[in-house]
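Asks: A structural model of the following input is requested.
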Amino acid sequence: MGLTADAVNDFLAQRANDSHLDALFPATKKRREALETLRMSMLKVGDEITTARIRPKYLAGLSGTLIKISAPSRGKQKTVIRLDEESTRRFRQHEWVPEEDKEHEIDFIPLSACFLKGEAPTK
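Replies: Got it, this is the predicted structure:
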């Protein structure tokens, strides 16, 4: 029988001691980093994406097409995204974009802030 999330939650709530809890944070952090690396490695040019977990907050929720992914620099990768019409309109409220532009390219979004459309976290 496999370990379930309910069993883990029950153990943490009912039986975990300080040493169990102290070990949990580093293990959780390492697993989140591995999942994040895997998620980013699956993104490719041409994907429809939405931005999340980014500052300033007005950049969160923008959507468009991933048109370039840079080589890693200091462990980070940047992207070029062609914003769709709605996101171009929203972006225009904060940055200068010509009124006649229906799409706009931005070239400073970290790859870590890009999520496949429909898979972006809500927080």
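Asks: All the strands of the chain, in order from the start?
Replies: 48-51, 63-69, 78-83, 104-110, 114-116 (DSSP state E).
Asks: Now render those strands as CSV, adding distance to residue 23 and mean pLDDT.
Replies: C-beta: built from backbone N, CA, C; applies to glycine. Putting those into CSV (distance: least, C-beta to C-beta, whole Å; pLDDT from 0 to 100) gives the following:
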stretch, distance to residue 23, mean pLDDT
strand 48-51, 34, 98
strand 63-69, 35, 97
strand 78-83, 35, 97
strand 104-110, 30, 95
strand 114-116, 30, 97
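Asks: what's the closest of those strands to residue 16?
Replies: Each of the strands of the chain has some distance to residue 16 by C-beta to C-beta; the shortest is strand 114-116, at 31.8 Å.
Asks: Can you name the residues in contact with that closest one?
Replies: For strand 114-116, the surrounding residues in contact (C-beta atoms under 8 Å, 6 or more residues apart in numbering) are 39-40, 43, 47-52, 66, 79, 81, 121.
Asks: Residue ranges in the chain under the pLDDT threshold?
Replies: Flagging of the chain using pLDDT under 70 yields the residue ranges 1, 123.
Asks: who touches the residue most central in space within it in this structure?
Replies: Of all residues in the chain, the one closest to the mean position by C-alpha atoms, centre = their mean is residue 113, 3.5 Å from it. Going by C-beta under 8 Å, 6+ apart, residue 113 touches 51, 52, 53, 54, 59, 60.
Asks: For the second one, list the residues it contacts.
Replies: Listed by C-beta under 8 Å, 6+ apart, the contact partners of residue 52 are 60, 61, 113, 115, 120, 121.
Asks: Considering those residues, which possesses the most neighbours?
Replies: The member of the contacts of residue 52 surrounded by the most neighbours (other C-beta atoms under 10 Å) is residue 113, with 21 neighbours in all.
Asks: longest helix of the protein?
Replies: Determined from DSSP state H, the single longest helix within the chain is helix 18-42.
Asks: hmm, who's touching that helix?
Replies: 11, 12, 16, 77, 111, 112, 114, 115.
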